[in-house]
Every structure is written in C-alpha cells, then in structure tokens.
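1. Just need the structure, nothing else, for what follows:
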Amino acid sequence: LAFGPLGDDAMLSPRVAPATIGLGLLEAVPEATILALADPADADGDGVSGRPNRVAGEVGGGIALGRFGWKANQPSLRRQNAAAALGDIGLTSTLFPDENCAAPQDACRAAKSGGAPELSDAFLDKLTLYTRLLAVPRQRGADAEPVRHGEQLFRAAGCAACHMPTLVTGAHPLAELAGQVIHPFTDLLLHDMGEGLADGRPDFAATGREWRTAPLWGLGLVETVNGHTYFLHDGRARNLAEAILWHGGEAEAARERFRALPRGDREALLAFLRSL
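-> Here you go, the predicted structure:
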C-alpha cells in the first residue's frame, strides 16, 4: 500500500505454505493416471466431479497439466521452484527472467540486480533435485485397532473419492521415483469445495471455489514439524476435525457422514489421519 490503494479488482487470498515431502513422487505419477481419475461431468453420479487444471507449461508457452500448489497452478517442480524464487524472494531465472516489480515500483526496477538471471540453471537444477527427493515419513501405528477402524470409516464416509489412497508412479530417470506404489491420499485434481472455502480467486482453469485435493501423507507430523495444527489453504482450521467440517461442495456428503458418526468413530477416523 506504500504505492497507493489497491484497485477495486484486486484479489486477495491468504496461503499457508504446503508440505514439501514426496513432491518428486507426485511429479512422477503419469498424466494418464490423473486424467483417468477425472470425472468433470460426474458421470458416475457420486457427487464428486474432479477435473484437471491446465496451466502454462515450463517452456515454450504451451499448456500442461497442473500438479502443484493449492490450485494446481504449476506443472512441474522446476517451474514451481522458479516461481517461488521470483514471487517470494525476488530471484529471476531463465523461466522467469523479468524482475517482480509492479508498474509503480520505480525503486524496485532501479535496484541493483544480482545478475541475469540471478538464479542459475545449475542452482535451480540442484534445488529441484533436492525437492524431488524429500522422502515421505512412514505411517505410525498402522496396526492399532483405532487406526485400522478409522481407515475403514475414512473410506466409508467417501473421503477416499478425492483423497485417493494409492497411486503408482511411472518411468523416471531417478530410480527412487520410478515405479513406486505410493499412498499420498490425493488425486491431484480440482474440486469445488463450496462457498465456505471459496476465495473468489481463479487460477488458470481453477475457479474461486475449486482447490486441488491436498495430499494427506505426513499430516500427523504437522504439529511436530511446524509447531502448530492449522490446516487448509489459509490455516483457518485449528485441528483436523475443523478442517473436515469446513469441507463443502463436492465434499459436503462426506463431511456430513463424519459429523453424524458417534464420537468414538470420529475419534478413530482422526486417529487414522494422525497416523499418516
């Protein structure tokens, strides 16, 4: 606001940084697998109609399948990293060569540059390798009765319709990522989550009510790693139960099934989530 008031058409949407584990595995899931999970017209009548986001490709100005970000607005980890370098800390790269300076920011444009580009391709490649290989923690207490029962309830409530428990990665130059059976609990698709979670901010094909299904692996370690239990895109949910209860739109039926469970069953379902 130092450069004047925001225009009437300004769109604001707070964000919590998403987890960075398992990103290389998600990148290695074949596009055909993700598209096969899409059901934009809800042809099977289950009330869930996930669809892919189509976004700017990494090079050449083409269109690619979005995978990363709260609205699946980035197609690859390399582009995700380069976009974050520019948007968060102002570092240019060969993917984003122009300084991140708005029209009135004369001082920004006049500031000394760290080079052209400031982030070399070699550095970006190393950063991308690091983010590709950040491992996923093992599930804890998987054989405990409450956890097993909670997983059954998770599936019965319909949560697994979007939070797809199992995917298989395809061919990849890194052996650690190729041909892996993974359990990310996401379909990487966009879903209408209702007016309660809407931010009114479209992003490529994603509308202001649509969000990419967030992966759930590592969910139970959020408090250990981050020191808090704030969930959803803007951290509004103070715990996992609140996060579920904010679900609407395509997830409304699953939310209501969770709400209607006896207290012991709700606790079992939450125990399952905390085990991930």
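2. For the rest of this, base every contact and every neighbour count on C-alpha atoms.
-> Will do.
3. going on from the helix or strand of the chain with the lowest mean pLDDT, what's the next piece of helix or strand?
-> Within the chain, no helix or strand scores below helix 106-110, which has a mean of 86 by mean pLDDT, DSSP states H and E. Scanning forward in sequence from helix 106-110 by DSSP states H and E, the next helix or strand is helix 121-132.
4. to the chain's geometric centre, what's the distance from that following helix?
-> 20 Å (C-alpha atoms, centre = their mean, to the nearest Å).
5. show me where the chain has helices.
-> 23-27, 31-37, 77-89, 106-110, 121-132, 145-156, 222-226, 240-245, 252-260, 263-275 (DSSP state H).
6. Any stretches of the stretch 1-150 of the chain with poor pLDDT?
-> 60 (pLDDT under 70).
7. Redo the helices of the chain as a markdown table? Include mean neighbour count.
-> Below are the helices of the chain laid out as a markdown table (neighbours: other C-alpha atoms under 10 Å):
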| stretch | mean neighbour count |
| --- | --- |
| helix 23-27 | 24 |
| helix 31-37 | 14 |
| helix 77-89 | 18 |
| helix 106-110 | 12 |
| helix 121-132 | 15 |
| helix 145-156 | 18 |
| helix 222-226 | 11 |
| helix 240-245 | 17 |
| helix 252-260 | 18 |
| helix 263-275 | 19 |
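8. Figure out which of the ones you listed is closest to D192.
-> Nearest of the helices of the chain to D192, taken as C-alpha to C-alpha: helix 252-260 at 10.1 Å.
9. Give me the helices and strands touching that closest one, please.
-> Applying 3 or more C-alpha pairs under 8 Å, 6 or more residues apart in numbering; DSSP states H and E, one finds that helix 252-260 contacts helix 240-245.
10. tell me the contacts of the closest residue to E250 other than its chain neighbours?
-> Spatially, and ignoring its direct neighbours in sequence, E250 is nearest to V48 (5.2 Å; C-alpha to C-alpha, 6 or more residues apart in numbering). Applying C-alpha atoms under 8 Å, 6 or more residues apart in numbering, we find V48 in contact with 39, 42, 161-162, 191, 250-251.
11. what's the most distant pair in these?
-> Spatial extent of the contacts of V48 (C-alpha to C-alpha) is set by the pair D39 and A251 at 14.4 Å.
12. more crowded one of those two?
-> A251 (23 against 18; other C-alpha atoms under 10 Å).
13. show me the contacts for that one.
-> A251 is in contact with 48, 159, 193, counting by C-alpha under 8 Å, 6+ apart.
14. so how far is G115 from the first one?
-> Noted for V48: a distance of 48 Å to G115, by C-alpha to C-alpha, to the nearest Å.
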